[in-house]
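Undergrad: Give me a model of this one.
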Amino acid sequence: MRETCVPSGVKLKETGFGYTLSLIGGKYKMIIMYWLSENKVMRFNELKRCIGSISFKTQSIMLKELEADGLIIRKEFPQIPPKVEYSLSERGLSLIPLLNMMCEWGEKNSSLALEAVQR
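TA: Residues are numbered from 1 along each chain as shown. Okay, the predicted model is just below:
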């Protein structure tokens, strides 16, 4: 039998579950990773257009955190005007199946929840 993912008496951040949440938690990190997985390489403004509701500052912070955690790669080109591209790292790509499972679960369960509410 598998030991629980969040055992009692252990701080959440000291578990694998807590560590994963610390990397992808937040309102936009999973959305940024989703768009990068769909488009492979994106520039800042392309990403902003796809997300829509994110502010410049928040997007900058999320990208810096994802880069610091090794989930995305920031490639800067030495030219004028400056050109920067973002893509998922191998580590970031390894999280995509988890995000896909969350998406599938949401699609399945949101329709079930709507049916239950309508009854």
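
Undergrad: Show me the shaky parts of this protein.
TA: Scanning the chain for pLDDT under 70 picks out the ranges 1-3, 6, 112-119.

Undergrad: Find the nearest non-adjacent residue to Gly18, please.
TA: Leaving aside its chain neighbours, Gly18 sits nearest to Leu12 (3.9 Å; criterion: Cβ to Cβ, 6 or more residues apart in numbering). Bear in mind the C-beta positions are built from the backbone N, C-alpha and C, glycine included.

Undergrad: Just want the phi and psi numbers for Ile61.
TA: Main-chain dihedrals, Ile61, degrees, to the nearest 10: phi -60, psi -50.

Undergrad: Who are the contact partners of Leu99?
TA: 24, 30, 33-34, 37 (Cβ atoms under 8 Å, 6 or more residues apart in numbering).

Undergrad: try it again with 7 Å
TA: 30, 33-34 (Cβ atoms under 7 Å, 6 or more residues apart in numbering).

Undergrad: Compare those and tell me which is most surrounded.
TA: Met33 (23 neighbours; other Cβ atoms under 10 Å).
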